[in-house]
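Visitor: Just a sequence and a predicted model for now, questions to come.
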Amino acid sequence: MLRIPCPHCGLRDYTEFKYFGDASKSRPDLADEDLERWYAHVFLFENPKGVHREYWQHVMGCRQWLVVTRDTAVNAVRASAWPEGVVRHD
Amino acid sequence: MSSKYSIAALVRHAITGERWPRAWRAAAPKSSYDVIIIGGGGHGLATAYYLAKEHGVRRIAVLEKSYIGSGNAGRNTTLIRSNYMMPANTAFFERSLKMWEGLSHELNFNIMVSQRGQIVLGHSPGQMDVLARRGNTMRLNGIDAELLDRNGVKELLPYLDYSARARFPIVGGLLQQRAGTARHDAVVWGYARAADQLGVDIIENCEVTGFVKDQDRVIGVKTTRGDILADKTAMAVAGNTSVVANLAGLKLPVESHLLQAFVTEPIKPFVDHVISFGAELFYISQSDKGGMVFGGHIDGFNTYTQRGQFAKIQTVAECAVALIPGMSRLRLLRHWAGLQDMTPDGSPLIGCTPLKGLYLNGGWCYQGFKATPASGWCFAYTLVNDAPHPLIAGFHPERFRRNNGADEYGHGMFTFRQ
């Protein structure tokens, strides 16, 4: 079973979490009218075979959002942290 | 070169003890080809076969990183059906089912198509309305469909849980009698042998590590067995589409997820149909050997490991017992996991790419196996004509740019995230 270290609750089974995808993307500005940037943001994925930074929410625990760094080739979790300072609102 | 399979050949080999020849040559890569197909799965081999047979292309290579049958061709639940509703899907999957019906003769290889009928169960009146709508759409498109009430289902599937304590009551179902199963390994072996007889080089243990480009045109591939040039290069590597596309600098609307499937110890004939549970993603059939073959939903996060998570095994086992209580004492014999490209709308990506000379076939989500013959047929046409075949026009890789998703189940985009 894949286990994720929650900074608040400790090491828990992944079934307690909900996966929310790529955390390395940053959302275009809401006033941005460039459809190409929105298309890339919504639909295109890096989907790497290797290190991937991704959002998980601990829905069955503290309900905090996490940014987990996981190697998708072997499912090994390398790190997990609060998303502060990671999500850019520029 | 292998000979034709027939009853006479079978008798001759039985009497003389003569060894059967290899089904296909162990081809070594040449320096250049007209068409290179990356990926020796069902789709890649079918594409090569129809390119050679229907379009007369002579110099074709299929590059497989491992051996034929090692990937998703051997990691599915072998179901074939065409009970789709969206315009982009209906005609395409019906074409595929029609091709399955004649494929053993076409390939001179027994792929063991068994049209045992598939029943999708409905567990509420609302769900029956949805099934009726689906059935009507199918019939309007000339596809067989029959709506069953509770008694109709009970007559065909007497072993389901019809008791008052059933977790989800069975209200009825939608039967497609022409749906069923096919032998997954035989499909790739049959296509490989038939393509080889038409001169296609099937090159195993040859992994693509990069593309050879001339400005914005792809003119070949770099592989673990040297560079190979080609006029046209086609990708049919569903599961690893992003990895190979990244080598060409393409970013696609694809996430790789993992789906688990299972087989129990063999028992006597019990389940005569393919059954799809309507309350969860769960589908079951019985193999010719007697094992119950069933599968569930994806694990829920992107991964390239071909190993599933235990939580899904439990969910799937619970579905099995909720539906067929008689299965509770059966033991699991094996389980396996296949990688699948999940696309935002659950429909595939086939067609040309922004790079000249590079063509894409991937994003098959849950439906790669059943699509194999029509996918190869349409993709071969696309490669030759530089334009998508009309049957796959709705599967254009750029469709999300114009928000033209083919959302079969009406659940919205990104259902695999929900």
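Guide: Noted; the coordinates are in hand. Predicted model, so just to flag it, every value in this text is computed and none were measured.
Visitor: in the chain, which spans are helices?
Guide: By default, I'm working from chain A. If you assign secondary structure with DSSP state H, the helices in chain A sit at A:35-43.
Visitor: hm, I was asking about chain B
Guide: Counting by DSSP H, one finds helices in chain B at the ranges B:7-16, B:42-55, B:87-107, B:125-140, B:150-156, B:184-197, B:241-247, B:310-323, B:368-385.
Visitor: do you know which of those lies nearest A:C9?
Guide: Shortest distance between A:C9 and the helices of chain B, using C-beta to C-beta, is found for helix B:310-323: 17.8 Å. To be clear about C-beta, it is placed using only N, CA and C from the backbone, and glycine gets the same treatment.
Visitor: So which elements touch that closest one?
Guide: The elements that helix B:310-323 packs onto, with contact taken as 3 or more C-beta pairs under 8 Å, 6 or more residues apart in numbering or on different chains; DSSP states H and E, are strand B:255-264, strand B:292-298, strand B:332-342.
Visitor: Which of the ones you listed sits closest to chain A?
Guide: Relative to chain A, the nearest member of these by C-beta to the nearest C-beta is strand B:255-264, separated by 5.2 Å.
Visitor: wait, B:M327 sits on B:E318?
Guide: No: shown here, B:M327 and B:E318 do not form a contact pair, counting by C-beta atoms under 8 Å, at 11.0 Å.
Visitor: More neighbours: which of the two?
Guide: The neighbour comparison of B:M327 against B:E318 (other C-beta atoms under 10 Å in any protein chain shown) goes to B:M327, with 19 against 14.
Visitor: residues in contact with B:P169?
Guide: Taking C-beta atoms under 8 Å, 6 or more residues apart in numbering or on different chains, we find B:P169 in contact with B:H123, B:S124.
Visitor: make it 10 Å
Guide: Taking C-beta atoms under 10 Å, 6 or more residues apart in numbering or on different chains as the definition of contact, the neighbours of B:P169 are B:G122, B:H123, B:S124, B:R150, B:D161, B:Y162, B:S163, B:A279.
Visitor: Can you tell me which of the helices of chain B is packed in deepest?
Guide: helix B:42-55 (a mean of 27; mean count of other C-beta atoms under 10 Å in any protein chain shown).
Visitor: Show me what that helix is packed against.
Guide: Using 3 or more C-beta pairs under 10 Å, 6 or more residues apart in numbering or on different chains; DSSP states H and E as the contact test, the elements touching helix B:42-55 are strand B:32-38, strand B:60-63, helix B:87-107, helix B:184-197, strand B:201-203, strand B:226-235, strand B:358-362, helix B:368-385.
Visitor: how about those, which one is nearest chain A?
Guide: Taking C-beta to the nearest C-beta as the criterion, strand B:358-362 is the member of those that comes nearest to chain A, at 11.4 Å.
Visitor: sorry, back to before: of the contacts of B:P169, which belong to strands?
Guide: Judged by DSSP state E, the subset of these located in strands is B:G122.
Visitor: Relative to B:W377, which of the contacts of B:P169 is nearest.
Guide: Compare each of the contacts of B:P169 with B:W377 using C-beta to C-beta and the shortest gap goes to B:G122, at 32.9 Å.
Visitor: residues touching that closest one, list them.
Guide: Going by C-beta under 10 Å, 6+ apart, B:G122 touches B:128-132, B:147-150, B:153, B:168-174, B:278-279.
Visitor: hmm, try it at 6 Å
Guide: The contact partners of B:G122, taken as C-beta atoms under 6 Å, 6 or more residues apart in numbering or on different chains, are B:M128, B:L131, B:V171, B:G172, B:G173, B:G278.
Visitor: go on, B:L383?
Guide: With contact taken as C-beta under 6 Å, 6+ apart, B:L383 is in contact with B:K232, B:A234, B:Y359.
Visitor: ok, now how distant is it from B:G357?
Guide: Look at B:L383 and B:G357: by C-beta to C-beta, to the nearest Å, they are 10 Å apart.
Visitor: so what sits against both of those two?
Guide: Here B:L383 and B:G357 share the contacting residues B:K232, scored by C-beta under 6 Å, 6+ apart.
Visitor: burial count for residue 28?
Guide: No chain in the question, so chain A it is. Number of residues near A:P28 (other C-beta under 10 Å) recorded here: 16.
Visitor: Hmm, no, I was thinking of chain B.
Guide: The burial count for B:A28: 10, using other C-beta under 10 Å.
Visitor: what's the answer for the one 10 residues further on, then?
Guide: A count of nearby residues for B:I38, using other C-beta under 10 Å, gives 26.
Visitor: Same check on B:K268?
Guide: When neighbours are defined as other C-beta under 10 Å, B:K268 has 6 of them.
Visitor: and what of the one 10 residues further on?
Guide: B:G278: 24 surrounding residues under other C-beta under 10 Å.
Visitor: Roughly how far does it sit from B:D144?
Guide: Applying C-beta to C-beta, the value for B:G278 to B:D144 is 20 Å.
Visitor: Neighbours of the residue nearest to B:H273 when sequence neighbours are not counted, how many?
Guide: Using C-beta to C-beta, 6 or more residues apart in numbering or on different chains and skipping residues adjacent in sequence, the residue nearest B:H273 is B:G117, 4.8 Å away. The tally of other residues near B:G117 (other C-beta under 10 Å) stands at 19.
Visitor: Model confidence at the residue of the stretch 101-250 of chain B found nearest chain A, what's the number?
Guide: Closest contact between the stretch 101-250 of chain B and chain A, by C-beta to the nearest C-beta, is at B:S242 (3.7 Å). If you check B:S242, the pLDDT there is 96.
Visitor: Is it possible to get a markdown table of the helices and strands packed on helix B:42-55 that adds mean pLDDT?
Guide: Listed next are those as a markdown table, based on pLDDT from 0 to 100:
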| stretch | mean pLDDT |
| --- | --- |
| strand B:32-38 | 98 |
| strand B:60-63 | 98 |
| helix B:87-107 | 95 |
| helix B:184-197 | 97 |
| strand B:201-203 | 97 |
| strand B:226-235 | 97 |
| strand B:358-362 | 97 |
| helix B:368-385 | 97 |
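Visitor: Need the buried ones from the contacts of B:P169 selected in PyMOL.
Guide: Typed into PyMOL, the next command selects the buried ones out of the contacts of B:P169 (criterion: 16 or more other C-beta atoms under 10 Å in any protein chain shown):
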select buried, chain B and resi 122+123+161+279
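Visitor: Between the contacts of B:P169, which sits nearest B:T90?
Guide: B:G122 (20.1 Å).
Visitor: gap between the closest one and B:S163?
Guide: When distances are taken as C-beta to C-beta, B:G122 and B:S163 turn out to be 18 Å apart.
Visitor: go on, A:K18?
Guide: With distances taken as C-beta to C-beta, A:K18 is found 34 Å from B:S163.
Visitor: Equivalent analysis for B:F282, please.
Guide: To B:S163, B:F282 is 19 Å away according to C-beta to C-beta.
Visitor: quick one: contacts of stretch B:30-41?
Guide: By C-beta under 6 Å, 6+ apart, the list of residues contacting stretch B:30-41 from outside reads B:44, B:47-48, B:57, B:59-64, B:68, B:71-73, B:208, B:221, B:229-237.
Visitor: which parts of that stretch are buried?
Guide: Judged by neighbour count using 16+ other C-beta under 10 Å, the buried positions of stretch B:30-41 are B:Y33, B:V35, B:I36, B:I37, B:I38, B:G39, B:G40, B:G41.
Visitor: Check the residues you listed and tell me the two furthest apart.
Guide: For the buried residues of stretch B:30-41, the farthest-apart pair by C-beta to C-beta is B:Y33 and B:G41; their separation is 18.6 Å.
Visitor: Need the residues that contact stretch B:144-153.
Guide: Outside stretch B:144-153, the residues that touch it by C-beta under 6 Å, 6+ apart are B:132, B:135, B:138-139, B:170-178.
Visitor: Mind putting those residues into a markdown table with distance to B:S104?
Guide: Formatted as a markdown table, the entries for the contacts of stretch B:144-153 read as follows, by distance: C-beta to C-beta, whole Å:
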| residue | distance to B:S104 |
| --- | --- |
| B:A132 | 34 |
| B:G135 | 28 |
| B:M138 | 25 |
| B:R139 | 27 |
| B:I170 | 34 |
| B:V171 | 37 |
| B:G172 | 33 |
| B:G173 | 29 |
| B:L174 | 27 |
| B:L175 | 24 |
| B:Q176 | 20 |
| B:Q177 | 19 |
| B:R178 | 15 |
